[in-house]
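> when you get a sec, could you give me coordinates for this:
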Amino acid sequence: MPIDIETFEASPADRLQHSGKTNADRVMRFLATYPDQAFTQSEIRDATDVNAGSISVVLSRLEDRGLVRHKGNYWALGEADDVAAYTSMVESTRAANDRFGEEDMDEWLEHAVNDEETE
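Below is the predicted model:
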């Protein structure tokens, strides 16, 4: 989501960091707020600020994982067991990040094993 140039110029760099929330996180949080309702893609997109070109892919991937349900033009939160497992994973990750700090993907990749090197 863009910001105006005045905010860009006046804000310190640490205030302009990415929130860390993925499109899937934003969709899941929105749908979890309304577990007894179903929404169209455009309603979910507008409520979550997910890019119009991404919302369909995000919802489809969440559906593949059982985290959302789809019928006609409407999407709703998935079944309780699948959503509970997802929520547990998200909370565990958040707790680990709070305790040990977030993973730095570039640092992790420096130490990752390259399959070509092991052959």
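> next SSE after the helix or strand hosting R94?
For R94, the host element (DSSP states H and E) is helix 80-100. Tracing the chain past helix 80-100, the next element assigned as helix or strand by DSSP H and E is helix 105-111.
> chain center to that next one: distance?
On the basis of CA atoms, centre = their mean, to the nearest Å, helix 105-111 sits 21 Å off its chain's mean C-alpha point.
> repeat that for stretch 25-36.
Centroid separation between stretch 25-36 and its chain, computed with CA atoms, centre = their mean, is 11 Å.
> repeat for stretch 61-76
With CA atoms, centre = their mean, you get 15 Å for stretch 61-76.
> hmm, who's touching it?
Stretch 61-76 has contacts (CB atoms under 8 Å, 6 or more residues apart in numbering) with 24, 27-28, 31, 35, 37-41, 44, 59, 77-79, 82-83, 86. Glycine gets a C-beta too; all of them are placed from N, C-alpha and C.
> kindly supply the PyMOL command isolating those of the residues you listed that are buried.
To isolate in PyMOL the members of these that are buried, counting by 16 or more other CB atoms under 10 Å, one can use:
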select buried, resi 24+27+28+31+38+39+41+44+59+77+78+82+83+86
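> mind listing the strands for this protein?
Taking DSSP state E, the strands of the chain run over residues 68-71, 74-77.
> most packed of those?
Across these, the average number of neighbours (mean count of other CB atoms under 10 Å) peaks for strand 74-77, which reaches a mean of 19.
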